[in-house]
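Peer 1: okay, sequence plus prediction incoming.
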Amino acid sequence: MKHISSIASGVALGSVGLMIMGVLSGCERSQQEAQNKFLVIQQQPNGKYIVVEEMPTEGPSRAIIREKDENGKVTERFMNEDEMKALAQQEYKKVQNGTSETIQDGGGSAGMGLAGTILAVAAGSLLGNMVGNALMNNKSFARNSARTNKSAYSRNAKSRASKSSSRKSFFGKSSRSSSRSRGFFGG
């Protein structure tokens, strides 16, 4: 009987360990989402902006803005984190009163204004996770955000996210089907 008791306590201890690892990996994932970013934002012929390069950075968030002047010459200017935060906060106020193009249906397909583009791509790192998560729960915002970000980093991150959602559980079943198990050992 002692042997069965020690097995049961080992299983419980192992389950607790797996649960803690899951919680920690979730915390790690949310920290990665709010990670500071280095962006290259390019003006389109229609005057709207899209993100063409995005990279996580250890330092503060910052961006290079590529624009064409009236003669067609491309110029680049640097935008620091404070400038990006100011634009993101202005656009977030528009989100709250319903006038932001980031939450309009059909927006973002050919880019958005500079403030909307910055908010769509870096809301979590500039304004905090709560704001970023609240915005991403808005279907129109999430759709427009995805359309505005044309960077390879963004496409790769989306690919990683879809692959991680179909990971296998400890017992070899997919995580979706393992939640439907009927018995103690998945039977």
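Peer 2: It's in. Residues are numbered from 1 along each chain as shown.
Peer 1: residue contacts, Asn36?
Peer 2: Pro56, Thr57, Glu58, Gly59, Pro60, Ser61, Glu81, Ser125 (Cβ atoms under 8 Å, 6 or more residues apart in numbering). Where C-beta positions appear, they are placed from N, C-alpha and C, glycine not excepted.
Peer 1: what's the closest non-adjacent residue to it?
Peer 2: Ser61 (4.5 Å; Cβ to Cβ, 6 or more residues apart in numbering).
Peer 1: so what's the residue count around that neighbour?
Peer 2: Neighbour count of Ser61, defined by other Cβ atoms under 10 Å: 23.
Peer 1: confidence score at it?
Peer 2: The score at Ser61 is 94. That number is its pLDDT.
Peer 1: please apply the same query to Val40.
Peer 2: 95.
Peer 1: and it, bridged to which residues?
Peer 2: With DSSP bridges as the criterion, Val40 is bridged to Glu53, Ile64.
Peer 1: how close does the residue nearest to Asn36 sit to Lys48?
Peer 2: 21 Å (Cβ to Cβ, to the nearest Å).
Peer 1: and Ser140, by the same measure?
Peer 2: Distance from Ser140 to Lys48, by Cβ to Cβ: 16 Å.
Peer 1: among these two, which residue is more densely surrounded?
Peer 2: The residue with more neighbours, out of Ser140 and Lys48, is Lys48; 20 against 16, by other Cβ under 10 Å.
Peer 1: pLDDT score assigned to the more buried one?
Peer 2: 92.
Peer 1: and if you look at Leu127?
Peer 2: For Leu127, the predicted pLDDT is 88.
Peer 1: could you say which helix or strand holds the closest residue to it other than its chain neighbours?
Peer 2: Excluding its sequence neighbours, the residue lying closest to Leu127 (Cβ to Cβ, 6+ apart) is Ala88, at 5.7 Å. Following DSSP states H and E, one finds Ala88 within helix 81-97.
Peer 1: show me what that helix is packed against.
Peer 2: In terms of contacts (3 or more Cβ pairs under 8 Å, 6 or more residues apart in numbering; DSSP states H and E), helix 81-97 is packed against strand 62-68, helix 114-127, helix 129-136.
Peer 1: many thanks, we can stop here.
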